[in-house]
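S.K.: got a predicted model here, sequence first, then my questions.
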Amino acid sequence: MLDIVGFALPAPVGVRTQRRALFAARTNAGFSHRASANTVFGTHDPCSCTFGNFSLFSFPQSCRTPKLSLTQIAMSLPLTAFGPYRAPTNNTLMLESVSLNEIAERYGTPCYVYSQSALLQSYQEYRDAFQSFDTLVCYAVKANANLSLLRLLAAQGAGFDIVSGGELFRVLQAGGDPRRIVFSGVAKSEREIDEALKAGILCFNVESAAELQRLSERATRLEMTAPISLRVNPEVDARTHPYIATGLRTSKFGVPATTALALYREAQKLPHLKIVGIDCHIGSQITTLEPFLEATDKILELVHQLAAEGIPLEHIDLGGGVGICYRDEDPLSLSAYATALKPRFNKFQGRLLFEPGRRIVGNAGLLLTRVEYLKTIPERQLVIVDAGMNDLMRPSLYQAWHEIVPVDAPRKTDQKVDIVGPVCESSDVLGTGRTLDVQAGDLLAILSCGAYGASMSSRYNARPLIPEVLVHGSQTTVIRRRETYADLIQHELS
Ligand SMILES: Cc1ncc(COP(=O)(O)O)c(C=O)c1O
């Protein structure tokens, strides 16, 4: 079900403002949005707008009147949303039809919570945007490898982008079709190659000349044929955080465009290799179209050169990397991406592949955490919570921003606090300079944690892995149970 957002804003306002306003309305989030929270809405034509996955609620006609504050609007929305929102009755945070207070009570904290509808809706958004192409959407398993989420996507006919034998195992366990799996990664071991060959995957995304040789050797030994694509590094600056940029000249990923043709010629001579495609992946959390188009044009140039040499390709894989809104980013629209690609692919007869991770699952999840202590130190007010960098690594690894909101109705304050975790590292900081009034025992929701949250978590400081809960309507299912202390030592006992 897709509800339309009818949103009356004083025209003209940019998409970014619309999104910020929506977000503030939905979550009363971070009172850095205070200015927009006080915005008065006009009676101009309502414009439909989306905010990542938080877009899906209907806006009652009665609210399209002047002088309604965002808070009033948020309170009056008949929300059927897929992202978190505040219950009109008591202003506490909900996901689908479930109160986050209830989830915390039932499953404890810290705890990851995902919306099934948000996950499936963003997968469908990809399918819809590229429906005029012959497309295969290969979900990047690394973003979130939970078996239940993989199962949901497999049931929709999704393909998968894997980077290890473990991810292959997970996808197969989840019922994924091996003929829809692409295998990326710079260090595929002999064992991993053999496992993927035997599973019958769609293609190996080859990242070096040495890997090409190893693939040929393993396929020859197993008397099989390895379908291959070269991951080409198009040397494009994705204008994202350096740790998640993968298409720069100095990157360890892919083969330089200048050597790709020679490698394809070499691959063509190897009898146990079959050339099926070409691919690139230039980075993650990219919010503008230009880097994608620059990379696509470079890849298409190679595709035409290959065709001229009698090496036709069955598919072109443009990787993942499409960004989401964590704070006030204005992520690119998939339909604009599709529109820009259309004329470029006029002459290509084959299939178009994508490897999205973050865009599928990022806004579908949040991390619930409880405040343990407040602590005042010179120049800083600390809110110490029970989730740490081992549970959510992105802020300490990439200085990533996640919106952090109270689960109960927010209290007005001008106070700025830093939210820190229990891990014995100074970098265990989940958010700095947040305008929040909280007490020990309060629940907080750290938003947009569906991607690279649980999948990057660790047991550092002997902290058991935390549970993951899937919400669907009014149902909640534990899709990964909380680990026990016994789990921590089970593999060390002789
Ligand atoms: C090869 C490859 N494909 C796809 C992805 C998914 O990227 P994103 O989650 O930004 O869509 C990654 C992530 O790093 C990757 O390395």
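M.R.: Great, that's in hand. Residues are numbered from 1 along each chain as shown.
S.K.: got the residues of the stretch 201-350 of the chain near the ligand?
M.R.: Residues of the stretch 201-350 of the chain that fall close to the ligand, judged by C-beta under 6 Å from any ligand atom: T246, H281, S284, G319, G320, G321. All C-beta atoms are positioned from the backbone trio N, CA, C, and that covers glycine.
S.K.: the fourth one against F354, yeah?
M.R.: Read it as G319. Yes - counting by C-beta atoms under 8 Å, G319 does reach F354; the two are 7.1 Å apart.
S.K.: the two: who's more crowded?
M.R.: G319 (30 against 27; other C-beta atoms under 10 Å).
S.K.: ok, and the closest non-adjacent residue to that one?
M.R.: H281 (2.9 Å; C-beta to C-beta, 6 or more residues apart in numbering).
S.K.: tell me which element that neighbour falls in.
M.R.: Element membership for H281, per DSSP states H and E: none, as it lies in no helix or strand.
S.K.: give the contact list for it.
M.R.: Residues near H281 by C-beta atoms under 8 Å, 6 or more residues apart in numbering: S184, R231, T246, G247, F253, G254, G319, G320, G321, E355.
S.K.: can you do 7 Å?
M.R.: Contacts for H281 (C-beta atoms under 7 Å, 6 or more residues apart in numbering) come out as T246, G319, G320, G321, E355.
S.K.: please identify every residue contacting each of G319 and F354.
M.R.: With C-beta under 7 Å, 6+ apart, G319 and F354 have no common neighbours.
S.K.: just the buried ones out of the contacts of H281, please.
M.R.: Among those, those scoring as buried are T246, G319, G320, G321, E355 (criterion: 16 or more other C-beta atoms under 10 Å).
S.K.: just say helix, strand or coil for the third one.
M.R.: It refers to G320. Secondary structure for G320, judged by DSSP: H, G, I helix; E, B strand; the rest coil, is coil.
S.K.: would you confirm that it contacts I360?
M.R.: No - judged on C-beta atoms under 7 Å, G320 makes no contact with I360 at a distance of 8.7 Å.
S.K.: now the strands for the stretch 201-350 of the chain?
M.R.: 203-206, 226-233, 255-256, 273-279, 315-317 (DSSP state E, counting those that start in this stretch).
S.K.: would you list the ones you listed in a markdown table and tack on mean neighbour count?
M.R.: Shown next, in a markdown table, are those (neighbours: other C-beta atoms under 10 Å):
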| stretch | mean neighbour count |
| --- | --- |
| strand 203-206 | 28 |
| strand 226-233 | 27 |
| strand 255-256 | 16 |
| strand 273-279 | 22 |
| strand 315-317 | 24 |
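S.K.: compare those strands and say which comes out lowest on pLDDT.
M.R.: Lowest mean pLDDT of the strands of the stretch 201-350 of the chain: strand 255-256, a mean of 94.
S.K.: on contacts alone, who are the packing partners of it?
M.R.: Secondary-structure packing of strand 255-256 (3 or more C-beta pairs under 7 Å, 6 or more residues apart in numbering; DSSP states H and E): strand 226-233.
S.K.: excluding chain neighbours, what is closest to the spatially most central residue of the chain?
M.R.: Ranked by distance to the mean C-alpha position of the chain (C-alpha atoms, centre = their mean), the top residue is R358 at 1.4 Å. Spatial nearest neighbour of R358, excluding adjacent residues (C-beta to C-beta, 6+ apart): A451 at 4.1 Å.
S.K.: kindly report the same for Y485.
M.R.: In this structure, Y485 finds its nearest non-sequential neighbour in P464, 6.7 Å apart by C-beta to C-beta, 6+ apart.
S.K.: enumerate every residue touching the residue of the stretch 201-350 of the chain found nearest the ligand.
M.R.: At 2.6 Å from the ligand, G320 is the closest residue in the stretch 201-350 of the chain, using C-beta to the nearest ligand atom. Residues near G320 by C-beta under 7 Å, 6+ apart: A140, H281, S284, F354, E355, P356, G357.
S.K.: surely Q156 touches Y123?
M.R.: Yes - the pair Q156 / Y123 is scored as a contact, 5.9 Å apart, by C-beta under 7 Å.
S.K.: the more surrounded of these two?
M.R.: Y123 (22 against 13).
S.K.: checking that one next. Helix, strand or coil?
M.R.: Reduced to three states by three-state DSSP, Y123 is helix.
S.K.: could you shift the numbering so residue one becomes 260, and keep it that way?
M.R.: All right, first residue 260 from here; so that's Y382.
S.K.: wait, it touches A414, no?
M.R.: No - using C-beta under 7 Å, Y382 and A414 do not qualify as a contacting pair, with a distance of 10.5 Å.
S.K.: gap between V514 and S423?
M.R.: 20 Å (C-beta to C-beta, to the nearest Å).
S.K.: could you do S448 as well?
M.R.: The value you get for S448 to S423, if C-beta to C-beta is used, is 9 Å.
S.K.: retrieve the pLDDT associated with E638.
M.R.: Confidence score, pLDDT, at E638: 89.
S.K.: and K401, by the same measure?
M.R.: Value for K401, per-residue pLDDT: 98.
S.K.: hang on, isn't it packed against S714?
M.R.: Yes - counting by C-beta under 7 Å, K401 touches S714, with 6.1 Å between them.
S.K.: out of the two, which sits in the more crowded spot?
M.R.: K401 (21 against 17).
S.K.: and that one, what does it touch?
M.R.: Contacts of K401 by C-beta under 7 Å, 6+ apart are V422, E426, G616, S714.
S.K.: surely the last one forms part of a helix?
M.R.: Yes - secondary structure assignment (three-state DSSP) places S714 inside a helix.
S.K.: any idea how far it lies from the ligand?
M.R.: From S714 across to the ligand, the span is 10 Å (C-beta to the nearest ligand atom, to the nearest Å).
S.K.: repeat that for the first one.
M.R.: If you measure V422 against the ligand using C-beta to the nearest ligand atom, the figure is 7 Å.
S.K.: neighbours of that residue, how many?
M.R.: Counted with other C-beta under 10 Å, V422 comes out at 19.
S.K.: the closest residue to it other than its chain neighbours sits in which helix or strand?
M.R.: Using C-beta to C-beta, 6+ apart and skipping the chain neighbours, the partner closest in space to V422 is G444 (3.9 Å). Following DSSP H and E, there is no helix or strand that holds G444.
S.K.: quickly note the distance from G444 to the ligand.
M.R.: In terms of C-beta to the nearest ligand atom, G444 sits 7 Å off from the ligand.
S.K.: also N403?
M.R.: Computed as C-beta to the nearest ligand atom, the N403 to the ligand distance reads 9 Å.
S.K.: ok, that residue - contacts?
M.R.: V620, G709, A710, A713, S714.
S.K.: which one of these has the most neighbours?
M.R.: Using other C-beta under 10 Å as the neighbour test, the contacts of N403 are led by G709, with 32 neighbours.
S.K.: run a quick neighbour tally on the closest residue to it other than its chain neighbours.
M.R.: With sequence-adjacent residues excluded and distances taken as C-beta to C-beta, 6+ apart, G709 is closest to G624, at 2.8 Å. Counted with other C-beta under 10 Å, the neighbours of G624 add up to 28.
S.K.: and the one 5 residues further on, by the same measure?
M.R.: The tally of other residues near R629 (other C-beta under 10 Å) stands at 18.
S.K.: how about the one 10 residues further on?
M.R.: For R639, the tally of surrounding residues (other C-beta under 10 Å) stands at 13.
S.K.: quick one, phi/psi of T635?
M.R.: When read as degrees, to the nearest 10, the backbone of T635 gives phi -100, psi 130.
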